[in-house]
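>>> this one's structure only:
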């Protein structure tokens, strides 16, 4: 089971707690043979620091879903490849594991990534 929401109390931010939480989540995903970690957060100003945190941790902003949480409150989706497997090896592995269906995360530029699904 993965956490639905994590965060550090504003009074305790800037002391490494967020780094420790994120490191633990990434380690758990790697231990479970995960490849990509997807995180979403709000676009509201109070969560600007969280968005900056993920960007500094090398997460790419993949998408924004307008008005997801409420009018004017977009959902911001970040992703980060965390496996050591190369994309070509990963693609071959996925084709074998999932038959004819393949999917990949591609970055069209440093700040965007695209989830593509295709049938072989």
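Good, I have the coordinates. Values in this document were obtained by computation on a predicted structure and should not be read as measured data.

>>> wait, is residue 33 part of a strand?
No: assessed with DSSP: H, G, I helix; E, B strand; the rest coil, residue 33 is coil; it does not lie in a strand.

>>> So which elements touch the host helix or strand of residue 30?
Following DSSP states H and E, one finds residue 30 within helix 17-31. Taking 3 or more CB pairs under 8 Å, 6 or more residues apart in numbering; DSSP states H and E as contact, the helices and strands that helix 17-31 lies on are strand 36-42. C-beta here means a position set from N, CA and C on the backbone, and glycine is covered the same way.

>>> Where does residue 7 sit: helix, strand or coil?
coil.

>>> just checking, it touches residue 50?
Yes: using CB atoms under 8 Å, residue 7 is in contact with residue 50, at 7.2 Å.

>>> burial measure for the closest residue to residue 35 other than its chain neighbours, as a count.
The spatial neighbour of residue 35 that comes closest, neighbours along the chain excluded (CB to CB, 6 or more residues apart in numbering), is residue 83 at 4.2 Å. Per other CB atoms under 10 Å, the neighbour tally for residue 83 reads 15.

>>> again with residue 39
The burial count for residue 39: 19, using other CB under 10 Å.

>>> check contacts around it.
With contact set as CB atoms under 8 Å, 6 or more residues apart in numbering, residue 39 has these partners: 54, 59, 77, 78, 79, 80.

>>> count of neighbours near the last one?
Spelled out, that is residue 80. Quick note: residue 80 (other CB under 10 Å) scores 19 neighbours.

>>> Tell me the bridge partners for it.
Beta-bridge pairing of residue 80, defined through DSSP bridges, involves residue 37.
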